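Q: This is the structure alone, sequence omitted:
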């Protein structure tokens with residue numbers, strides 16, 4: 001018995017010496033050593049097996065299985081391996097320290113819920129719309145699977161740059177090298193101690209380093225089969241490196257799903273959702289909206305006349321509050337959840353995230369005086385011009401002078417004026433309208449695009465007095481008086497596009513409208529009493545899909561439609577040729593007032 005006990009003791013001693021050598025061989029990152037949190041004081045978190053975590057989340061797993069639409073074998077073979085690897089990587093980590101999904105296992109739950117809602121939303125989407133029906137039938141399951149993976153890993157980066165996980169002896173988990181579950185088993189960890197390092201600026205691209213530990217090789221081969229763009233769009237959505245001229249449906253669905261899930265968790269947990277810190281996750285959406293607007297919106301071109309953005313020698317400034325109002329309108333059009341209720345709430349979030357710099361300890365709004373403005377403007381100063389303007393190529397040139405207006409007295413006078421305006425029933429943005437930005441149409445959500453002023457041409461020749469054509473289509477023949485006078489020579493034509501219009505379509509439509517101001521070339525569109533007739537061929541000539549442009553304009557409510565049940569398409573005989581196109585409503589074309597325009601006979605179909 002003594003011999004057996006001695007062997008047991010020697011075995012136990014050797015085992016613990018090997019464990020000690022493993023601990024000594026594992027380096028501790030000094031950069032990630034931070035003050036201990038409550039998890040350390042209360043004994044840490046107990047790790048759990050993948051099966052136990054799956055059992056805790058069986059409700060959402062059942063919903064994922066139903067949304068996937070396959071049988072039990074297909075779900076177990078295709079979806080479950082990815083889910084198990086994701087849970088093995090994050091184990092019981094929480095998503096945040098004191099905001100959304102802050103409970104143990106919160107990061108796993110956040111990924112599963114985001115993946116479910118993104119997958120569910122794919123039912124209303126058409127992927128690869130230009131492909132044939134048979135090709136779409138083959139690609140759609142892969143698009144749906146790529147959307148699910150992007151939703152599952154949308155917040156994976158939080159395990160790499162916001163937490164430091166160690167055991168009771170100080171051995172630190174290296175998230176770039178191994179999943180958390182493997183590290184737990186290797187070091188026989190009984191408790192996890194978490195230290196938080198909430199980064200002020202998210203680095204979502206770190207997720208790509210962990211993705212090979214979650215996505216099996218066979219799954220990646222499935223997504224990249226036939227050289228499709230599914231994997232590229234999925235990786236762009238996960239890393240946050242989405243190009244705005246690309247229509248990334250996966251990124252759109254994942255953003256909507258993640259904001260819905262986080263908004264619901266903050267609400268249901270009765271978290272302090274009114275505080276900017278609890279809603280700090282919205283900062284990246286606000287910043288991304290600025291980047292999109294500066295690329296697609298004429299009113300956001302830096303240092304242009306009545307622009308929302310001004311770049312001076314002393315930094316980049318965003319006109320307040322009109323610039324933030326544009327941002328919120330764009331995000332509302334994208335259908336995101338939990339957005340700030342006002343520009344002031346958005347400013348608080350941006351300030352807490354370190355994206356804007358305050359003018360002083362008690363004042364966030366600056367006073368600026370760009371060239372050509374009659375009085376100072378209120379503006380927000382961004383921490384660095386590159387956070388927004390880095391997406392522009394070539395980069396804009398800054399003014400050769402400082403534009404910040406020195407003197408808090410002027411800012412105090414502006415605030416006092418705004419207070420009086422509010423008491424009188426007028427908003428400060430209305431009072432600033434003449435110097436802060438482009439005039440807005442009656443619909444406040446429609447931000448206008450202004451084209452440069454170009455000398456106009458007389459009314460289009462050959463478009464009046466044309467004989468109507470009947471081709472058996474349903475709908476009444478419209479006979480319009482063609483003896484009205486021409487448009488005055490002082491008028492110019494310009495596009496007023498709402499923000500919700502696809503930026504690519506808006507850019508092409510700008511070029512089409514601008515042909516009316518060029519006397520050296522024949523026009524590509526034709527003014528009418530009811531609006532501006534744009535043939536589909538005008539889009540085709542500019543390498544654009546006319547039907548897609550028609551759909552985008554209809555979605556933006558820019559077209560003149562006929563009786564209920566008819567398509568917003570009109571047919572006209574111009575210069576002896578039948579043209580098929582659409583009519584843009586009057587309010588979206590500057591220079592059309594509904595009277596005195598060149599009129600044509602039309603047969604609306």
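A: Yep, it's here. These numbers come from a predicted model, not from an experiment.
Q: Quick one: the strands in the stretch 51-200 of the chain, in order.
A: With DSSP state E, counting those that start in this stretch as the criterion, the stretch 51-200 of the chain has strands at 163-166, 193-196.
Q: Quick one: list the elements packing against the first one.
A: Meaning strand 163-166. strand 193-196 (3 or more C-beta pairs under 8 Å, 6 or more residues apart in numbering; DSSP states H and E). Every residue, glycine included, has its C-beta placed from N, CA and C.
Q: if we can go back for a sec, and the strands of the stretch 51-200 of the chain, which is most packed in?
A: strand 163-166 (a mean of 23; mean count of other C-beta atoms under 10 Å).
Q: State the distance from residue 545 to residue 502.
A: 11 Å (C-beta to C-beta, to the nearest Å).
Q: distance of residue 517 from residue 524?
A: 11 Å.
Q: before we move on, what about residue 107?
A: Taking C-beta to C-beta, one finds residue 107 at 53 Å from residue 524.
Q: what about those two, which has more around it?
A: residue 107 (26 against 19; other C-beta atoms under 10 Å).
Q: show me what contacts the more buried one?
A: 90, 93-95, 101, 155, 158-159 (C-beta atoms under 8 Å, 6 or more residues apart in numbering).
Q: ChimeraX command to pick out the buried ones of those?
A: The buried residues among the contacts of residue 107 can be selected in ChimeraX (16 or more other C-beta atoms under 10 Å) with this line:
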select :90,93,94,95,101,155,158,159
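Q: Just give me the closest of the contacts of residue 107 to residue 552.
A: If you rank the contacts of residue 107 by distance to residue 552 using C-beta to C-beta, residue 155 comes first, at 31.3 Å.
Q: how far away is the closest one from residue 112?
A: Distance from residue 155 to residue 112, by C-beta to C-beta: 11 Å.
Q: correct me, but residue 168 touches residue 187?
A: No. Residue 168 is not in contact with residue 187 according to C-beta atoms under 8 Å; the separation is 10.3 Å.
Q: Pick out whichever of those two has more residues nearby.
A: Of the pair residue 168 and residue 187, residue 187 is the one with more neighbours under other C-beta under 10 Å, namely 17 against 13.
Q: pLDDT below threshold where in the stretch 501-605 of the chain?
A: 562-567, 575, 593-605 (pLDDT under 70).
Q: Helices of that one, start to end?
A: Along the stretch 501-605 of the chain, the segments classed as helices by DSSP state H, counting those that start in this stretch run 503-514, 536-540, 546-555.
Q: Tabulate these in TSV, adding columns for mean neighbour count and distance to residue 73.
A: Output for the helices of the stretch 501-605 of the chain, formatted as TSV (neighbours: other C-beta atoms under 10 Å; distance: least, C-beta to C-beta, whole Å):
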stretch	mean neighbour count	distance to residue 73
helix 503-514	20	42
helix 536-540	18	47
helix 546-555	18	39
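Q: can you redo these as JSON lines with distance to residue 368?
A: Conversion of those to JSON lines gives the following (distance: least, C-beta to C-beta, whole Å):
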{"stretch": "helix 503-514", "distance to residue 368": "27"}
{"stretch": "helix 536-540", "distance to residue 368": "40"}
{"stretch": "helix 546-555", "distance to residue 368": "35"}
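Q: quick one, domains of the chain?
A: 24-268, 280-436, 477-604 (automatic domain parsing).
Q: lowest-confidence stretch among those domains?
A: Among those, domain 477-604 carries the lowest mean pLDDT, a mean of 74.
Q: Give me the distance from it to the chain's centre.
A: Centroid separation for domain 477-604 versus its chain: 30 Å, with C-alpha atoms, centre = their mean, to the nearest Å.
Q: which residues does residue 46 contact?
A: So residue 46 contacts 92, 190-192 (C-beta under 8 Å, 6+ apart).
Q: Please name the bridge partners of residue 577.
A: Under DSSP bridges, the beta-bridge partners of residue 577 are residue 574.
Q: where's residue 312 relative to residue 369, distance?
A: For residue 312 relative to residue 369 (C-beta to C-beta), the value is 10 Å.
Q: coming back round to it: what about residue 545 and residue 502, which has more around it?
A: With neighbours defined as other C-beta under 10 Å, residue 545 and residue 502 compare such that residue 502 has more, 19 against 15.
Q: measure that one to residue 512 for me?
A: 15 Å.
Q: do the same with residue 396
A: Counting by C-beta to C-beta - residue 396 and residue 512 are separated by 26 Å.
Q: Check residue 329 too.
A: For residue 329, the distance to residue 512 - C-beta to C-beta - is 25 Å.
Q: other SSEs contacting the strand or helix carrying residue 257?
A: According to DSSP states H and E, residue 257 maps onto helix 249-268. Packing partners of helix 249-268 (3+ C-beta pairs under 8 Å, 6+ apart): helix 106-121, helix 133-152, helix 230-239.
Q: returning to what we had before: indicate which one of the helices of the stretch 501-605 of the chain is closest to residue 591.
A: Closest among these, using C-beta to C-beta: helix 503-514, at 8.7 Å.
Q: contacts for the closest one?
A: By C-beta under 8 Å, 6+ apart, helix 503-514 touches 244-245, 292, 295-296, 449, 451, 454, 493-495, 497, 524-525, 532, 534, 538-539, 542, 544, 548-549, 552-553, 584, 589.
Q: Count the neighbours of residue 291 for me.
A: The burial count for residue 291: 18, using other C-beta under 10 Å.
Q: State the helix or strand in which it lies.
A: Short version, using DSSP H and E: residue 291 is in helix 283-296.
Q: After that helix, which helix or strand is next?
A: Immediately after helix 283-296, counting by DSSP H and E, sits strand 309-312.
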